[in-house]
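1. structure of the sequence below:
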Amino acid sequence: MRKLLIILLLSLLIINIVYADTSVPSSITIKEKEEPSPGNENGGNGGGGSSGGSRSRSIINFEIEPDIIKVQLKNNQETIQKVTVTNTGNRILSFTVENFPDYISPSETSFSISPGSFKTIYFHISTLDIFEPEVYLSSVLIKTQNLQKVLTIILEVVEKEPLFDTELHVAEKVYSPGDIVKADIKITNLGELKLDDVFLLYAIKDNEENSINSREETLAIEKELILKRELKIPEDAPSGNYIFYTRVLYGDKKTVASDTFQIRHIEYPQQSNIYILLIIIAIAAILTFFMLTAKKKKKKGRKHHKM
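-> Here you go, the predicted model:
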């Protein structure tokens, strides 16, 4: 039984090692250099100061709210959307706003925020009669130190006198690679005649407007059409914000619609290792138990035979 106990103890030790916290932090923590006490610098009497100095940890982190903006405009229209940037760390942070297209103008592109404070940035979005009816995606970067976050801006440009009204809603908001994204598409014919040979495209697009899966079909629309469509997320799709996109085309008339969702990787490397280890340990323990039991039976059989 000693061997069995040793195996069980080793198993517990291995499980503890595998269960050790290996999570990736969402913020940056910097250990500051140890420095001597500033003494009377802040107006004190200089007494009671620590001669050995102290260590402080600098935490760099921030949040943006919202992280997705979706607007619908016709040509020659504009809107202003606000985003709040909050410093959730413990030191003053300097920020920059980068990677925005010409039709988006932030109120500030560089600013600083004190710990626990926030700043509102206004994004002016305009269409200058140069946009075709389409969905335009932008990934605006808000950066500080070695940390950055993405603000996704979705601009849907529609015709001034559309032939269709199109709506799209995604059933769920969070998916994993390999999942099926289901969407409800509602197309309303704003004209008076039935339309045949209406072209329908629906796709999943990433923040760079790359289509990662799509399908096409031809429809007939009399007055209103409600469709349920689905697309599979590729297994190698990275985490991030995505849209389920649709385009309805009849002649030179086009309308678009979209809805947002996220792809998140659910990684279980530690749990998978644990399951494998537990199986190996269980098999080893069972084999050891039967080996020890068999040896005991043989010894008993020999003793019984000698007697």
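2. how about the CA coordinates for the helix or strand hosting Lys182, as CSV?
-> Element membership for Lys182 (DSSP states H and E) is strand 180-189. C-alpha atoms of strand 180-189 as CSV (Å, rounded to 0.1, in the frame of the first residue of the first chain):
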residue,chain,number,x,y,z
ILE,A,180,-23.5,28.8,-35.7
VAL,A,181,-24.6,32.4,-35.8
LYS,A,182,-28.4,32.7,-36.3
ALA,A,183,-29.9,35.9,-37.6
ASP,A,184,-33.4,37.2,-38.4
ILE,A,185,-33.6,39.3,-41.5
LYS,A,186,-36.7,41.4,-42.3
ILE,A,187,-37.0,43.0,-45.7
THR,A,188,-39.9,45.4,-46.5
ASN,A,189,-40.7,46.4,-50.0
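3. now what about it, what contacts it?
-> Strand 180-189 has contacts (Cβ atoms under 8 Å, 6 or more residues apart in numbering) with 163-172, 175, 195, 198, 200, 202, 204, 219, 221-233, 244, 246, 248, 257, 259, 261. Where C-beta positions appear, they are placed from N, C-alpha and C, glycine not excepted.
4. buried stuff in that strand?
-> 181, 183, 185, 187-189 (16 or more other Cβ atoms under 10 Å).
5. okay, now the sheet partners of that strand, with direction.
-> Strand 180-189 has its sheet partners listed here by DSSP bridges as strand 164-170 (antiparallel), strand 224-232 (antiparallel).
6. in ChimeraX, how would I select the buried members of the contacts of strand 180-189?
-> Buried members of those can be picked out in ChimeraX with the line below, counting by 16+ other Cβ under 10 Å:
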select :163,164,166,168,170,175,195,198,200,202,204,221,225,229,231,233,244,246,248,257,259,261
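7. surely Lys253 touches Leu163?
-> Yes. Assessed by Cβ atoms under 8 Å, Lys253 is found in contact with Leu163 at 4.0 Å.
8. any low-confidence regions in the stretch 151-300 of the chain?
-> 267-278, 290, 294-300 (pLDDT under 70).
9. any weak-confidence spans in the stretch 1-150 of the chain?
-> 1-56, 129-130.
10. the same query, at a cut-off of 50, please.
-> For the stretch 1-150 of the chain, the stretches with pLDDT under 50 are 17-25, 32-53.
11. can you pull out the helices in it?
-> Ranges of helices within the stretch 1-150 of the chain are 2-18, based on DSSP state H, counting those that start in this stretch.
12. mind listing the strands for it?
-> Remark: strands assigned in the stretch 1-150 of the chain by DSSP state E, counting those that start in this stretch are 28-31, 57-60, 62-65, 68-74, 78-87, 93-98, 104-106, 110-113, 118-126, 134-144, 147-158.
13. for Thr288, find the nearest of those.
-> Each of the strands of the stretch 1-150 of the chain has some distance to Thr288 by Cβ to Cβ; the shortest is strand 28-31, at 44.6 Å.
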